[in-house]
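Peer 1: sequence and predicted structure are below.
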Amino acid sequence: MSTKTAFKRVALVAAAALAIGGISAVSANAVASAPTAAVTTLGTPVRSGVNTFTIPVTITQTVTGAVAGETITAALTGSASPQASGERAKMAIALTGTSTAPDSTHESITGTITVTATSDGTNSLTGTTSTNRADIALLPGSYSIVVVSTLASLTATTAPAVVAVIPATNYGASGTFGAVGEVASSGSGGALVQAVNGQATLDFIAGSADTSYTVTTSGVGSMLATTPSSGAVSYLNGTTAAGGFTWTPVTATLTDLLVTTTSAVAGIQTISFQPIGANGAPGIPVLATITWGGGVTFSPTSTVVRQGSAVPARVIAGDAQLATSATVLGYTTALDAVPQSAVKTAGTAGSVIEVVTFNSDGSAATEGNTVSATVTGSGLITASTTVPTAASALTVPGSARTSQVTLTGSQNVAYIYVNADGTAGTGTVTVSVTNGITGVSTVVGTKVVTFYGSVAKLIASVNYSIGRAGYTTGAAATTLDVTSTGSPLAASNTAPAFNITAEDSNGNAVTTASAPSVSSSDTTVVTGGACALDDGSSATYSSSSNGVGVYNCSFTSAPNAVSGGKATLTIKVLNPADATGTTYITTTIPVTVGGKVAKTVLNTDAASYSAGQAMTITITATDSAGNPVYDGAASPAVTANKSVIGIPGASFFVGGVVTTDTSTGVKTAYAPATGGDFILTETDSALLTSTVTATVADAASDASNAATDAANE
């Protein structure tokens with residue numbers, strides 16, 4: 001390209017104001033006159049960032065009568081120029097500088113001008129037809145900078161405009177699939193880095209004085225396609241871009257040329273843009289290089305595969321396309337850990353599996369990858385890019401045993417919708433991703449969905465079985481806290497007296513047509529009870545993890561029930577195998593009635609312990625009839641005359657007992673660390689005090705006694 005070329009895209013003219021202010025200590029014997037016009041000198045612009053240049057600047061003015069050694073402190077300021085019509089971005093100008101110690105006739109200010117391209121505030125680039133280029137726009141070319149200088153207390157003069165020439169360069173994004181590298185219209189551009197079998201797209205900007213360009217490639221790789229924003233392309237050999245081509249742009253408008261290349265082998269590819277002037281003479285070619293064999297690649301190990309519920313009440317909205325590892329928030333690891341199940345009725349939504357594809361650098365993988373899935377066992381699937389909502393989870397039905405979807409454009413997220421096929425059992429969904437560049441397919445994850453059949457049995461798990469006359473024990477709540485520390489008789493209690501799990505013939509939890517009913521063998525002891533399906537809404541407290549097949553139940557003792565009274569609760573659901581609706585599937589639970597606390601006994605599981613030894617502390621409570629007190633009766637705190645770790649605090653009795661051991665028998669209380677006796681004390685609600693004394697053996701005394709015994713022997 002001719003060095004006289006005027007650039008279409010560099011019509012941006014920046015106006016910068018330079019204010020020089022300060023204090024001048026002028027000798028009484030010298031009279032300073034008005035300064036001459038400032039002389040402004042610009043150095044060679046240096047690119048200091050993708051969109052930033054730093055230009056050294058020196059401003060010199062002659063002042064008659066100035067005093068040698070006089071110091072002037074200057075502040076250089078600038079203003080941003082408005083965006084010129086058709087340009088891609090604004091150019092912000094900032095000036096900074098300091099004065100030098102002047103001689104008797106000159107005041108020199110030196111500093112720098114920083115020129116920065118900033119976004120034009122739009123999603124697409126003004127004046128271009130291409131929308132796949134990044135919003136960077138500080139183009140090479142000639143820029144006028146007008147400098148205005150003012151010396152302290154003297155008349156200002158305006159210096160003539162000086163011209164800063166921004167050098168040509170290629171500043172495309174490196175190592176990104178489908179990246180657009182912008183190549184300057186003079187000189188040689190920089191290099192793009194791309195993975196083998198990927199694609200790289202160069203954006204060449206036309207020079208206004210050129211009539212056409214000859215574009216060729218050398219080294220590895222080949223050109224695949226050309227997209228001019230204006231003008232015509234003529235292929236040199238055949239009908240494709242592989243053999244090179246000529247491009248004749250329309251020079252009256254802003255215009256550029258996109259050239260897409262690829263390479264199946266590693267190496268260097270050089271694209272030459274040879275300008276042809278108006279007189280037919282060739283100019284200096286613009287060269288762009290692509291290094292094949294680097295760059296990011298699709299990473300199966302980084303790709304995220306997570307599962308969520310397809311039940312409308314619990315469906316989680318999916319993540320947006322172009323999601324990154326930092327923004328994958330919809331389908332969390334906690335959500336993925338929840339087992340998913342649904343009734344086997346054909347078409348019932350079972351789950352939604354989210355697949356988020358990533359590159360090796362954690363960026364969104366947008367190479368046109370294909371996400372496929374296969375289900376074995378029960379269920380049907382559909383692969384889609386439809387983002388789940390409460391509605392879409394039901395309206396994207398699984399329809400096949402194998403399904404796939406190709407991610408296009410900026411897509412990197414796919415969804416696998418899993419539905420029942422009419423059979424009971426588990427369905428295992430295997431998810432694979434086929435690399436859109438290499439064609440290599442890799443399994444990235446498997447997920448399981450359970451489809452249950454009809455209820456075949458009921459299983460009971462009992463928490464509380466001793467009721468209080470006139471009270472309801474436990475809660476038949478859909479949402480509950482199984483870790484509730486409150487009494488099972490309290491109004492705020494949400495822990496059930498017992499849980500019922502309905503299972504099919506395969507042992508899978510089943511949500512029955514209606515909640516199980518509870519009846520009593522003796523209504524003078526227990527009048528009945530109630531059950532409600534646990535909704536699984538609390539990941540921390542629910543009886544079930546997914547709201548399927550687990551029921552929370554309570555029972556109510558008769559108002560006049562006496563201590564020791566017994567009844568058998570029968571829990572039942574209709575037998576779905578009986579078309580007459582007259583038989584039931586049942587299970588039973590024995591329950592009793594207890595009175596309030598009349599006596600408590602405090603015990604330890606041993607009389608002597610070593611220092612810090614694990615121990616069991618037990619409080620046993622009976623009513624006036626000698627029966628265990630009702631579940632939920634308040635238990636007192638235990639005190640000790642020495643430090644005992646894990647000593648019981650105030651709580652409530654279950655089965656007439658409070659113990660420091662866990663439900664699995666793990667000891668959580670420990671004897672004192674010092675030797676000698678220690679005393680445990682508690683005072684129950686009947687104001688009766690119970691104590692127990694135990695001993696911690698003195699290790700030193702034991703050793704002394706052992707030595708004495710040995711000597712005696």
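Peer 2: Okay, I see it.

Peer 1: show me what contacts Ser212?
Peer 2: Ser212 sits next to 246-249, 275-276 when contact means C-beta atoms under 8 Å, 6 or more residues apart in numbering. Just so you know, the C-beta spots here come from the backbone N, C-alpha and C atoms, and that holds for glycine as well.

Peer 1: that one and Ala232, how far apart?
Peer 2: Applying C-beta to C-beta, to the nearest Å, one obtains 9 Å for the distance of Ser212 from Ala232.

Peer 1: between these two, which contacts overlap?
Peer 2: 247-248.

Peer 1: wasn't Leu224 part of a strand?
Peer 2: Yes - when the secondary structure is assigned by DSSP: H, G, I helix; E, B strand; the rest coil, Leu224 falls within a strand.

Peer 1: and the gap between it and Leu258?
Peer 2: Distance from Leu224 to Leu258, by C-beta to C-beta: 11 Å.

Peer 1: between these two, which has more neighbouring residues?
Peer 2: Neighbours per residue (other C-beta atoms under 10 Å) separate Leu224 from Leu258, with Leu258 holding more: 18 against 15.

Peer 1: the residue nearest to that one when sequence neighbours are not counted is in what secondary structure piece?
Peer 2: If the residues on either side of it in the chain are set aside, Leu258 comes closest to Thr227, at 4.1 Å by C-beta to C-beta, 6 or more residues apart in numbering. Under DSSP states H and E, the secondary-structure element containing Thr227 is strand 222-228.

Peer 1: helices and strands around the following helix or strand past that strand, which ones?
Peer 2: Beyond strand 222-228 in the direction of the C-terminus, DSSP H and E gives the next helix or strand as strand 232-235. Contact analysis of strand 232-235 by 3 or more C-beta pairs under 8 Å, 6 or more residues apart in numbering; DSSP states H and E lists strand 245-248 as its packing neighbours.

Peer 1: direction included, what does the helix or strand following the strand it packs on pair against?
Peer 2: The C-terminal neighbour of strand 245-248 among helices and strands, as given by DSSP H and E, is strand 256-262. Its sheet considered, strand 256-262 pairs with strand 199-205 (antiparallel), strand 222-228 (antiparallel) by DSSP bridges.

Peer 1: list the buried residues in strand 256-262.
Peer 2: 256-262 (16 or more other C-beta atoms under 10 Å).

Peer 1: what do you get for stretch 398-406?
Peer 2: Neighbour-count burial for stretch 398-406, counted by 16+ other C-beta under 10 Å, picks out 398, 403-405.

Peer 1: endpoints of it, how far apart?
Peer 2: The first and final residues of stretch 398-406 sit 17 Å from each other (C-alpha to C-alpha, to the nearest Å).

Peer 1: run through who's touching that stretch.
Peer 2: The contact list for stretch 398-406, computed with C-beta under 8 Å, 6+ apart, reads 350, 368-375, 379-385, 414, 416-419, 421, 436.

Peer 1: Thr620 touches Gly656, doesn't it?
Peer 2: Yes - under the criterion of C-beta atoms under 8 Å, Thr620 makes contact with Gly656 at 6.2 Å.

Peer 1: on that earlier part again, can you flag which of the buried residues of stretch 398-406 belong to strands?
Peer 2: Using DSSP state E, 403-405 are the members of the buried residues of stretch 398-406 that sit in strands.

Peer 1: export those residues to a markdown table and tack on pLDDT and distance to Phe298?
Peer 2: As requested, those are exported to a markdown table (pLDDT from 0 to 100; distance: C-beta to C-beta, whole Å):
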| residue | pLDDT | distance to Phe298 |
| --- | --- | --- |
| Ser403 | 97 | 20 |
| Gln404 | 96 | 16 |
| Val405 | 96 | 16 |
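
Peer 1: can you list those residues in CSV and add distance to Ser663?
Peer 2: Written out in CSV, the entries for those read as follows (distance: C-beta to C-beta, whole Å):
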residue, distance to Ser663
Ser403, 46
Gln404, 48
Val405, 48
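
Peer 1: and of those, the nearest to Pro628?
Peer 2: Taking C-beta to C-beta as the measure, Pro628 lies nearest Ser403 of these, at 59.2 Å.

Peer 1: quick check: beta-bridge partners of that closest one?
Peer 2: Beta bridges link Ser403 to Ala373 when assigned by DSSP bridges.

Peer 1: from Thr327, how far off is it?
Peer 2: According to C-beta to C-beta, Ser403 and Thr327 sit 26 Å apart.

Peer 1: tell me the spacing between Gly238 and Val265.
Peer 2: Taking C-beta to C-beta as the criterion, Gly238 is separated from Val265 by 22 Å.

Peer 1: revised request: answer the last question for Lys667.
Peer 2: Lys667 is 68 Å from Val265, where distance means C-beta to C-beta.

Peer 1: likewise Ala310?
Peer 2: 46 Å.

Peer 1: how about Asn712?
Peer 2: When distance is defined by C-beta to C-beta, Asn712 is 92 Å away from Val265.

Peer 1: check Thr303 too.
Peer 2: Thr303 sits 26 Å away from Val265, going by C-beta to C-beta.

Peer 1: please apply the same query to Lys572.
Peer 2: From Lys572 across to Val265, the span is 73 Å (C-beta to C-beta).

Peer 1: neighbour count: the two, which is higher?
Peer 2: More crowded of Lys572 and Val265, by other C-beta under 10 Å: Lys572, with 17 against 10.

Peer 1: any weak-confidence spans in the stretch 151-300 of the chain?
Peer 2: For the stretch 151-300 of the chain, the stretches flagged by pLDDT under 70 are 151-191, 205-210, 251-255, 294-296.

Peer 1: in it, which spans are strands?
Peer 2: Ranges of strands in the stretch 151-300 of the chain, per DSSP state E, counting those that start in this stretch, are 157-158, 162-166, 179-183, 191-194, 199-205, 210-219, 222-228, 232-235, 245-248, 256-262, 267-277, 286-292.

Peer 1: what pairs with Asn499 across the strands?
Peer 2: As assigned using DSSP bridges, the partners bridged with Asn499 are Ser461, Asn552.

Peer 1: what count of nearby residues applies to it?
Peer 2: Asn499 is flanked by 22 other residues according to other C-beta under 10 Å.

Peer 1: give me the three-state assignment for Arg544.
Peer 2: Actually, residue 544 is Ser rather than Arg. Following three-state DSSP, Ser544 is assigned to coil.

Peer 1: my read: it touches Val550, true?
Peer 2: Yes - counting by C-beta under 8 Å, a contact exists between Ser544 and Val550, whose distance comes to 3.7 Å.

Peer 1: so what sits against both of those two?
Peer 2: Between them, Ser544 and Val550 have 509, 534 as joint contacts when contacts are counted by C-beta under 8 Å, 6+ apart.

Peer 1: those two - which one has more neighbours?
Peer 2: Taking neighbours as other C-beta under 10 Å, Ser544 and Val550 compare with Val550 leading, 24 against 21.

Peer 1: next up, the contacts around that one.
Peer 2: 499-501, 509, 533-534, 543-544.

Peer 1: put together a markdown table for those residues, with distance to Gln269 and pLDDT on each row.
Peer 2: Below are the contacts of Val550 laid out as a markdown table (distance: C-beta to C-beta, whole Å; pLDDT from 0 to 100):
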| residue | distance to Gln269 | pLDDT |
| --- | --- | --- |
| Asn499 | 68 | 95 |
| Ile500 | 70 | 96 |
| Thr501 | 65 | 96 |
| Ala509 | 60 | 94 |
| Leu533 | 64 | 94 |
| Asp534 | 63 | 91 |
| Ser543 | 63 | 80 |
| Ser544 | 59 | 83 |
